[in-house]
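J.: sequence first, then the predicted structure:
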Amino acid sequence: MALIKEVRGFTPKIGENVYLAENATIVGDVEIGNDCSVWFNAVLRGDVNSIKIGNKVNIQDGSVLHTLYQKSTIEIGDNVSIGHNVTIHGAKIENDVLVGMGATILDHAVIGENSIIAANSLVLSNTKVEPNSVYAGVPAKKVKDIEPEQTKEMIEKIANNYLMYSSWYKE
């Protein structure tokens, strides 16, 4: 069973049909919506500020979500895939986003809807990622625009796949 721990009077709130891997860690002021999955060795540390996660979000193996004390929070919309070993620190991620493996997103960045953050990219603090775009590099810069239908199809497919994968572990 995942480590779910109350801190400073905040107990994590977990939605319906959520898969939490046995060694996932969910601490403090964390809210997870419905149809989500938090995979092996992922850490959602809401000890110093809040982490709010929408519906059909997958947070893959080894990812770390944290915030700045009294200065930043994490908000993640619906249909979001957070790849393996991603670090999100005090950022906002809107609906229908794919964050590639090993990416880092820093405080007060905003990732616009229907966008992709490429693997191993570094999104600096206060960066505003345009909706319907791909950002890549260190630091991450806009690489190209993408059609919303194209992005939604791929991002929706990945989110749906992770919902299916999580069902295998509930049997």
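T.: Alright, I've got the coordinates.
J.: buried sites along stretch 147-157?
T.: For stretch 147-157, a neighbour-count test (16 or more other C-beta atoms under 10 Å) marks 151-152, 154-155 as buried. Where you see a C-beta, it was placed from the backbone N, CA and C, and this is true even at glycine.
J.: and stretch 95-108, average pLDDT?
T.: Average pLDDT, stretch 95-108: 98.
J.: and the end-to-end length of it?
T.: 17 Å (C-alpha to C-alpha, to the nearest Å).
J.: stretch 74-92 now?
T.: 6 Å.
J.: what does stretch 49-58 give?
T.: 21 Å.
J.: quick one: mean pLDDT over it.
T.: 98.
J.: any buried residues in it, and which?
T.: Under 16+ other C-beta under 10 Å, the buried positions of stretch 49-58 are 49, 51-58.
J.: and stretch 112-132, by the same measure?
T.: Under 16+ other C-beta under 10 Å, the buried positions of stretch 112-132 are 112-118, 120-123, 127, 129, 131-132.
J.: so which of the residues you listed is the closest to residue 161?
T.: Of all those, residue 161 sits closest to residue 116, with 15.9 Å by C-beta to C-beta.
J.: quickly list what the closest one is bridged to.
T.: residue 98, residue 134 (DSSP bridges).
J.: per-residue pLDDT, it?
T.: 96.
J.: now for it: which residues touch it?
T.: Contacts of residue 116 were listed using C-beta atoms under 8 Å, 6 or more residues apart in numbering, and they are 97-98, 100, 133-135, 146, 151, 155.
J.: tell me where this protein has helices.
T.: 148-169 (DSSP state H).
J.: quick one, longest strand in it?
T.: Assignment by DSSP state E gives strand 43-53 as the longest strand of the chain.
J.: can you list contacts of that strand?
T.: Contacts of strand 43-53 (C-beta under 8 Å, 6+ apart): 7-8, 10, 12, 24-33, 36, 38, 59, 63-76, 90.
J.: now the nearest residue to residue 74 once chain neighbours are set aside: how far from residue 140?
T.: Once flanking residues are discounted, residue 74 sits nearest to residue 51: 4.4 Å by C-beta to C-beta, 6 or more residues apart in numbering. Between residue 51 and residue 140 the computed distance is 22 Å (C-beta to C-beta, to the nearest Å).
J.: can you check residue 104 too?
T.: For residue 104 relative to residue 140 (C-beta to C-beta), the value is 9 Å.
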